[in-house]
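> Give me a 3D structure for the following:
(one chain, ligands or ions: 1)
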Amino acid sequence: MRKVPDGQMMRPNRKTNGSGIQAPETRICVVMVGLPARGKSLIAQKVVRYLRWLSVDAKTFNVGQYRRTTTPNPSAEFFDTSNAEGERMRKAAAEAAVTDMIKWFDNGEGLVAILDATNSTKARRRWIQDRCDAANVQTMFVESKCDDEELVMSNIKEVKTTSPDYLGQDPEVAAQDFRKRIRNYEKVYETLDEDEADLTYCKLIDVGHQVIINKIQDYLQSRVVYYLMNLHIKPRSIWLSRHGESEYNLSGKIGGDANISERGQMYAKKLPEIVKQSAGDLELTVWTSTLKRTIQTSKYLPFEKLSWKALDELDSGVCDSLTYAEIEERYPADFKARDDDKYNYRYLGGESYRDVVIRLEPIIMELERSENILIVTHQAVLRCIYAYFMGVDQAKSPWMEVPLHTLIKLSPRAYGTQEERYSAKIPAVSTWRGKGSKAQHEDPGPGQGTVDIEVNGKPTK
Ligand SMILES: O=P(O)(O)OC[C@H]1O[C@@](CO)(OP(=O)(O)O)[C@@H](O)[C@@H]1O
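Okay, here's the model as predicted:
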């Protein structure tokens, strides 16, 4: 512990290599395996987002992107293994991706790389394994094997409309070509099996149904496997709301366990109607914190409710129940330290945003496994959950504005998450405080009484 001028203690910043969940020298290449349209890119993207959220530097190397630099719009024939030129170009793309990935590791830029490609033959996997062994990088193969016709079809639909390979093409022609491409891969596809028993792998069958694991070696690998085991990639949404305005929010005090204000009550009463507007007749489950303001806010929702300690607001320790102005006056060095590095700053006797992320990890796992969840929680906790889904980086997430009396609907898709915001138009103080300022709230005045809806930041009316 280091003494600072006003006698306050600085809590050590745990800004080590990541969240401290892995020895820094471990480098892992997660090698995706599987036919096209099996959700590999979605899985790769989710693993990267999850690891970054836990402060493990991770990056995807997509072989398709390397291939596109020489062959931007190939036809299905390009992927026929009897096409020597196609084979040569595809191997060159894989070579370029692996070379860049090893450079990335050697420059100390990260711990986990995801090699996103079909890697559908044993020969190709052996070649990757040898390259990684030589560079002192561990490999973990992750196969998505999926014969669920419906899931494959919805992936084909997604790919033909979003893949740069089919940019500007007639969607039907694109879908036909893509199916042909899949058939070409099927001719040579070899699933991971006993012949490769020396490899570390995790085989996901019909994502979420069956998982086969082999030779998982260390903590970080088992974390990734645990995450993969909880994934399902069916389309669904998650709803998030802060509690209604509290008595503490009104007086500018942080923390505590205050009741909601009169306007907070109005929001609680209106919430069922807004949820209905957004979720229709879906039967939701409501998760709250253990604090009164979230429980009171969810009171009128006609659904099952669960209170989680892990959803309680960031613990502000000795600053609990003070206003930002009082904190600045009593603990000026701490006030400044928090502004300088809000993500890592830990309140004396309390928590940092980094601490909150760690305690939220089981919530994220449970969220990945579940469907139709509405979470009613607090400003800091909501920022952390939002950052996980939207991939917001740590310098920005603690400063995000999350208004009171607003329902947020997040719908994860293959390439990014769609966001809808429903503003209840019930006035509330703003609890957002900008860097360097001690003022917290201003009253935005009376609302219009109707619900305003925004999709991905744009008003719908
Ligand atoms: O990290 P900052 O921006 O201070 O935001 C967290 C603060 O938000 C508050 C409101 O100011 O949360 P809450 O939503 O529970 O009312 C405080 O209790 C909490 O300390």
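> Tell me the backbone dihedrals of the residue of the stretch 51-200 of the chain found nearest the ligand, please.
Proximity of the stretch 51-200 of the chain to the ligand (Cβ to the nearest ligand atom) peaks at W53, 17.2 Å away. Glycine gets a C-beta too; all of them are placed from N, C-alpha and C. Dihedral angles of W53 (phi, psi; degrees, to the nearest 10) stand at phi -60, psi -30.
> Skipping adjacent residues, who's closest to it in space?
Y388 (4.8 Å; Cβ to Cβ, 6 or more residues apart in numbering).
> mind listing what that neighbour touches?
Neighbouring residues of Y388 by Cβ atoms under 8 Å, 6 or more residues apart in numbering: R49, Y50, W53, L360, I364.
> re the thing from before, check contacts around the residue of the stretch 51-200 of the chain closest to the ligand.
V357, I364, A387, Y388.
> can you tell me the helix or strand for the third one?
It stands for A387. helix 379-390 (DSSP states H and E).
> Distance from the chain centre to that helix, please.
Centre-to-centre, helix 379-390 and its host chain are 9 Å apart (Cα atoms, centre = their mean, to the nearest Å).
> Please shift the residue numbers so they start at 46 in all later answers.
That works, and once the first residue is 46, the last one we named lands at helix 424-435.
> Do any residues in that helix lie close to the ligand?
Yes: Helix 424-435 reaches the ligand (Cβ under 6 Å from any ligand atom) through Q424, A425.
> tally of neighbours for the residue nearest to L336 when sequence neighbours are not counted?
In space, and not counting its chain neighbours, L336 is closest to D302: 5.1 Å by Cβ to Cβ, 6+ apart. D302 has 15 neighbouring residues, counting by other Cβ atoms under 10 Å.
> what about S267, distance to the ligand?
Noted for S267: a distance of 32 Å to the ligand, by Cβ to the nearest ligand atom, to the nearest Å.
> Mind telling me what element the spatially closest residue to that residue that is not a sequence neighbour is part of?
Leaving aside its chain neighbours, S267 sits nearest to I261 (5.4 Å; criterion: Cβ to Cβ, 6+ apart). Using DSSP H and E, I261 sits in no helix or strand.
> contacting residues for I261?
Applying Cβ under 8 Å, 6+ apart, one finds that I261 lies in contact with M185, T245, C247, S267, V270.
> Which of those fall in helices?
Counting by DSSP state H, the part of those found in helices is S267, V270.
> and which of the contacts of I261 is nearest E373?
Set against E373, the nearest of these by Cβ to Cβ is S267 (44.0 Å).
> got any ranges where the protein has weak pLDDT?
46-69, 205, 459-460, 484-496, 506 (pLDDT under 70).
> What residues does it have near the ligand?
287, 291, 294, 299-300, 358-359, 361, 423-425, 443, 476, 478.
> Check those and tell me the two furthest apart.
S291 and P443 (19.9 Å).
> So which of these two has more stuff around it?
S291 (28 against 24).
> That one and R338 touch, don't they?
Yes: using Cβ atoms under 8 Å, S291 is in contact with R338, at 4.5 Å.
> which residues are in contact with both of these two?
A303, N304, I305, G309.
> Greatest separation within those: which pair is it?
Farthest pair in the shared contacts of S291 and R338, by Cβ to Cβ: A303 and G309, 9.5 Å.
> In terms of neighbours, single out the busier of the two.
Ranked by neighbour count (other Cβ under 10 Å), A303 and G309 place G309 first, with 26 against 20.
> Was I right to think that one contacts R338?
Yes: under the criterion of Cβ under 8 Å, G309 makes contact with R338 at 7.2 Å.
> got any residues that touch both of the two?
Residues within reach of G309 and of R338 at once, by Cβ under 8 Å, 6+ apart, are H288, G289, S291.
> Just give me the closest of these to E70.
Out of the shared contacts of G309 and R338, the member with the shortest distance to E70 (by Cβ to Cβ) is H288, at 43.8 Å.
> Give me the neighbour count for I430.
I430: 23 neighbours (other Cβ under 10 Å).
> My guess is it contacts L285. True?
Yes: counting by Cβ under 8 Å, I430 touches L285, with 6.4 Å between them.
> any residues in contact with both of these two?
I420, T422.
> ok, how many other residues are close to the residue of the stretch 246-395 of the chain found nearest the ligand?
Residue nearest to the ligand within the stretch 246-395 of the chain: I299 (3.5 Å; Cβ to the nearest ligand atom). Neighbour count for I299, taken as other Cβ under 10 Å: 23.
> Next up, the contacts around P280.
Per Cβ under 8 Å, 6+ apart, neighbours of P280: S199, S456, R458.
> ok, now how distant is the closest residue to V426 other than its chain neighbours from K387?
With Cβ to Cβ, 6+ apart as the criterion, V426 has its nearest non-adjacent residue at 5.7 Å, and that residue is L356. Distance, L356 to K387, by Cβ to Cβ, to the nearest Å: 20 Å.
> out of those two, which sits in the more crowded spot?
Per other Cβ under 10 Å, whichever of L356 and K387 has more neighbours is L356, with 24 against 18.
> which helices and strands does the longest helix along the chain pack with?
Taking DSSP H as the criterion, the chain has its longest helix at helix 129-151. Packing partners of helix 129-151 (3 or more Cβ pairs under 8 Å, 6 or more residues apart in numbering; DSSP states H and E): strand 103-107, helix 108-115, strand 157-161, helix 167-179.
> Also compute the angle for that helix relative to strand 157-161, please.
Relative orientation of helix 129-151 versus strand 157-161 (axes from the mean of the first three to the mean of the last three Cα atoms, to 10 degrees): 170 degrees.
> Any buried residues in helix 129-151, and which?
Residues G131, M134, R135, A138, A139, A141, A142, V143, M146, I147, W149, F150 are the ones in helix 129-151 that count as buried (16 or more other Cβ atoms under 10 Å).
> residues making contact with that helix?
By Cβ under 8 Å, 6+ apart, helix 129-151 touches 72, 74, 104, 106-112, 114-116, 119, 122-126, 155, 158, 160, 162, 169, 173, 176-177, 180, 182.
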